[in-house]
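Colleague: Quick one: sequence plus predicted model below, questions after.
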Amino acid sequence: MRRHSTAAPDVPAAVAVPSGNKLSMTLNGAGLLTYECRAKAGAADTFEWAFAGPNAKLTDKGGAVVGKYYGGPTWEHSDGSKVTGKQLAVSPSPAGNIPMQLVQAIPATGSGAFSGVTYIQRLNTKGGVAPAEPCNASTSGAKKTVNYSADYVFYKK
């Protein structure tokens with residue numbers, strides 16, 4: 001479900017945007033998340049599926065592709081503007097879905113839709129959780145992709 005109003009969505013406190021920031025736009029991201037089977041840090045002979053990166057298309061409320069989302073995390077608009085960020089917090093989503101997320105933007109490059117973005121929320125997530133297949137010494141280095149979608153809500157001052 002995408003929100004088209006200019007009111008900030010009702011979210012858990014952990015992923016709420018600080019006051020003084022206003023909703024700028026909401027884009028839907030849909031694509032793949034890649035996980036890699038790796039040795040778990042600090043746990044000998046223990047392996048886990050570790051997040052390796054996203055690859056998604058960004059669409060507007062009309063369904064038109066307006067950009068892409070990839071590792072960094074980076075959101076790149078077709079107008080040439082680009083914003084990266086740093087994860088500040090997560091909050092659980094319903095079982096089987098990656099968590100909601102709050103990202104603090106690093107100043108955007110280029111002028112366009114992402115200029116002046118201060119925060120990004122990942123909401124309404126569907127799928128994207130680590131694979132259920134075994135991850136162990138014999139599968140170390142294996143990569144698996146899973147489908148996901150989420151709404152990315154962008155804020156500006």
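Modeller: Okay, I see it.

Colleague: For the one residue sitting closest to the centre of the chain, which three-state class applies?
Modeller: In the chain, the residue lying closest to the centroid (Cα atoms, centre = their mean) is Arg122, at 5.4 Å. For Arg122, the secondary-structure state derived from DSSP: H, G, I helix; E, B strand; the rest coil is strand.

Colleague: Name the SS class of the closest residue to it other than its chain neighbours, please.
Modeller: Spatial nearest neighbour of Arg122, chain neighbours left out: Gln101 (4.0 Å); criterion: Cβ to Cβ, 6 or more residues apart in numbering. Yep, even glycine has a C-beta here, placed from its N, CA and C like the rest. The three-state label given to Gln101 by three-state DSSP is strand.

Colleague: What residues are bridge-paired with Gln101?
Modeller: Note on Gln101: beta-bridge partners Val90, Arg122, judged by DSSP bridges.

Colleague: which residues touch the residue nearest to the centre of the chain?
Modeller: By Cβ atoms under 8 Å, 6 or more residues apart in numbering, Arg122 lies in contact with 29, 98, 100-101, 103, 150-152.

Colleague: Which of those ranks first by neighbour count?
Modeller: Within these, neighbour counts (other Cβ atoms under 10 Å) peak at Ala150, which reaches 27 neighbours.
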